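Q: pasting the sequence and the predicted model now:
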Amino acid sequence: MARQQMMATSRLQTQLYDYFLVLDFEATCRENEHINPQEIIEFPVLKINAKTLETEAIFHQYVQPRVHKELTPFCVKLTGIIQEMVDGQPHLEEVLENFNKWMLDNKLLEPDINILFVTCGDWDLMRMLPQQASYFNIRIPKYFNSWLNIKKAYASVTSSYPKGMMPMLAGLNLKHIGRHHSGIDDCKNIGNILCSLLRRGYIAKVTRSN
């Protein structure tokens, strides 16, 4: 197995980034109804080394919503996040502070280090985080302003635009890990999709900016 991994790694193209930060929020929701404000309740990020494709660190924090404090039965069923997992947890501004400290501790904000966030779609960083931050007047660090939409990466490699994460896993013959719509499990699956695309010669790049 180790020899196979070394062979796979040796075929990697030199990337423009040193680390990929795979991010996938979960948020408050109701069935067939828009919530205003919608609030992040799970904030997970994987740090993946662009040279080795190893996950070197994980940030994972549940977040307490302020306005719609009680999770709906639909939200619980969809995400697997129960009320006890968010009660007493820090609010978003404290989680952002904790995340920034994690970034510093992992030397991801050093001037000579290039990072790229990776998401499944544009919702997380184009809509979810900016809209909640605007509602509560929370400052967002600039490093959240650009990212790679893994769907566009997949389409670039396969010439087929996917509807979601599960079709990408199937198309790349990857096994699904954990529970769909668990933020941390989705991050692991998105990370596996990313690594598979990189092993096929994909050069990761920004696909969207705020």
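A: That came through, no problem. Numbers count the residues shown, from 1 in each chain.
Q: which stretches of the protein form strands?
A: Listed in chain order, the strands found in the chain under DSSP state E are 19-23, 26-27, 40-49, 55-62, 115-119, 146-149, 208-209.
Q: helices or strands up against the fifth one?
A: Using 3 or more CB pairs under 8 Å, 6 or more residues apart in numbering; DSSP states H and E as the contact criterion, the elements in contact with strand 115-119 are strand 19-23, strand 146-149, helix 183-199. C-betas here are computed from N, CA, C, even on glycine.
Q: what does it rub up against?
A: 16-24, 108, 125, 143-144, 146-150, 190-191, 194, 204-206 (CB atoms under 8 Å, 6 or more residues apart in numbering).
Q: do the same with the second one
A: The set of residues external to strand 26-27 that reach it, using CB under 8 Å, 6+ apart, is Q38, E39, I40, I41, E42, T79, I81, M128, H181, S182, G183.
Q: how many residues are close by the second one?
A: Counted with other CB atoms under 10 Å, the neighbours of E39 add up to 25.
Q: what do you get for the fifth one?
A: By the criterion of other CB under 10 Å, E42 has 25 neighbours.
Q: need the residue closest to the centroid of the protein.
A: By CA atoms, centre = their mean, the mean C-alpha position of the chain lies nearest to L23, the distance being 1.3 Å.
Q: confidence score at Q132?
A: At Q132 the predicted local confidence, pLDDT, stands at 98.
Q: residues contacting it?
A: Residues in contact with Q132 (CB under 8 Å, 6+ apart) are P37, Q38, E39, I40, L92, I138.
Q: what separation do you get for the last one and K69?
A: Applying CB to CB, to the nearest Å, one obtains 18 Å for the distance of I138 from K69.
Q: give me the buried positions along stretch 88-107.
A: Q89, L92, V95, L96, F99, W102, M103, N106 (16 or more other CB atoms under 10 Å).
Q: of the helices and strands packed on strand 115-119, give the one that comes closest to R30.
A: Taking CB to CB as the criterion, R30 comes closest to helix 183-199 out of these, the separation being 18.3 Å.
Q: quick one, that closest one and strand 55-62 angle?
A: Our comparison of helix 183-199 with strand 55-62, counting by axes from the mean of the first three to the mean of the last three CA atoms, to 10 degrees, yields an angle of 150 degrees.
Q: returning to what we had before: winner for burial among the helices and strands packed on strand 115-119?
A: With neighbours defined by mean count of other CB atoms under 10 Å, none of the helices and strands packed on strand 115-119 is more surrounded on average than strand 19-23, at a mean of 25.
Q: how far off centre is that one?
A: Strand 19-23 has its average C-alpha position 7 Å from the chain's average C-alpha position, going by CA atoms, centre = their mean, to the nearest Å.
Q: tell me the strands beside it, with direction?
A: Each strand that strand 19-23 pairs with, and the sense of that pairing, follows from DSSP bridges: strand 40-49 (antiparallel), strand 115-119 (parallel).
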